[in-house]
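Enquirer: dropping a prediction and its sequence here:
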Amino acid sequence: KAGVTQTPRYLIKTRGQQVTLSCSPISGHRSVSWYQQTPGQGLQFLFEYFSETQRNKGNFPGRFSGRQFSNSRSEMNVSTLELGDSALYLCASSTGQGKETQYFGPGTRLLVL
Amino acid sequence: GEDVEQSLFLSVREGDSSVINCTYTDSSSTYLYWYKQEPGAGLQLLTYIFSNMDMKQDQRLTVLLNKKDKHLSLRIADTQTGDSAIYFCAESIPGNTGKLIFGQGTTLQVKP
């Protein structure tokens, strides 16, 4: 089975712009979770989608949003980018039912200038 | 509360055993995980243990869980230079779907 894929792998944006990141889960997985990884804060949970619905949400401002499509692919959007949004954004997929073992993609590295 | 703690750095010689430790605070944790991250890469799932188990062995990896002390450890036998990476422990909590709570990560340095 193919693993979790994320596109793009690298992005450079300027403050105030918006960005959309994409995640394709492992075939058959219906849950996609998003995390932000920074040197200062470590790995922090953004939100989780299951069957096109947001099922759980972390403590991030409303500038961070997501959605999931009927094929389980997910997108994450950050509007009005700030310098502090520079991070590695990781998505993970799981079956979403019972045991929540998550398999991670390679991440999208976002640099905000 | 939700908190996972790890020591930040461990250095070992090639061929030695490595032991990476983790403590967590939420006693309702169901599964506890170990992930490995190499530079510039995502997280690779190494192994996991269900909270009603004490030990799990998987080739060179041994996971020990002390539920009373909320302490988790990962032992890597015969550590190789390719094991140099950051290791994260993580917990999942019932009712908190899709969310893993991660420690800060332990950087393992393996010297030849």
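Expert: All right, it came through fine.

Enquirer: strands along chain A, start to end?
Expert: A:5-7, A:10-13, A:19-24, A:31-38, A:42-50, A:53-57, A:64-68, A:74-78, A:87-94, A:103-104, A:108-112 (DSSP state E).

Enquirer: name the helices or strands packed onto the fourth one?
Expert: When you say that, I think you mean strand A:31-38. strand A:42-50, strand A:74-78, strand A:87-94 (3 or more CB pairs under 8 Å, 6 or more residues apart in numbering or on different chains; DSSP states H and E). Quick note: C-beta positions are derived from backbone N, CA and C, even for glycine.

Enquirer: now the strands of chain A as TSV including distance to B:S29 and mean pLDDT?
Expert: Formatted as TSV, the strands of chain A follow (distance: least, CB to CB, whole Å; pLDDT from 0 to 100):
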stretch	distance to B:S29	mean pLDDT
strand A:5-7	28	97
strand A:10-13	34	97
strand A:19-24	26	98
strand A:31-38	17	97
strand A:42-50	15	96
strand A:53-57	16	95
strand A:64-68	26	98
strand A:74-78	26	98
strand A:87-94	16	97
strand A:103-104	20	96
strand A:108-112	29	98
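
Enquirer: distance to B:K67 and mean neighbour count added to those strands, as CSV?
Expert: CSV is the format used below for those (distance: least, CB to CB, whole Å; neighbours: other CB atoms under 10 Å in any protein chain shown):
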stretch, distance to B:K67, mean neighbour count
strand A:5-7, 35, 16
strand A:10-13, 42, 14
strand A:19-24, 34, 20
strand A:31-38, 25, 23
strand A:42-50, 23, 22
strand A:53-57, 25, 14
strand A:64-68, 34, 19
strand A:74-78, 34, 21
strand A:87-94, 23, 24
strand A:103-104, 26, 21
strand A:108-112, 36, 18
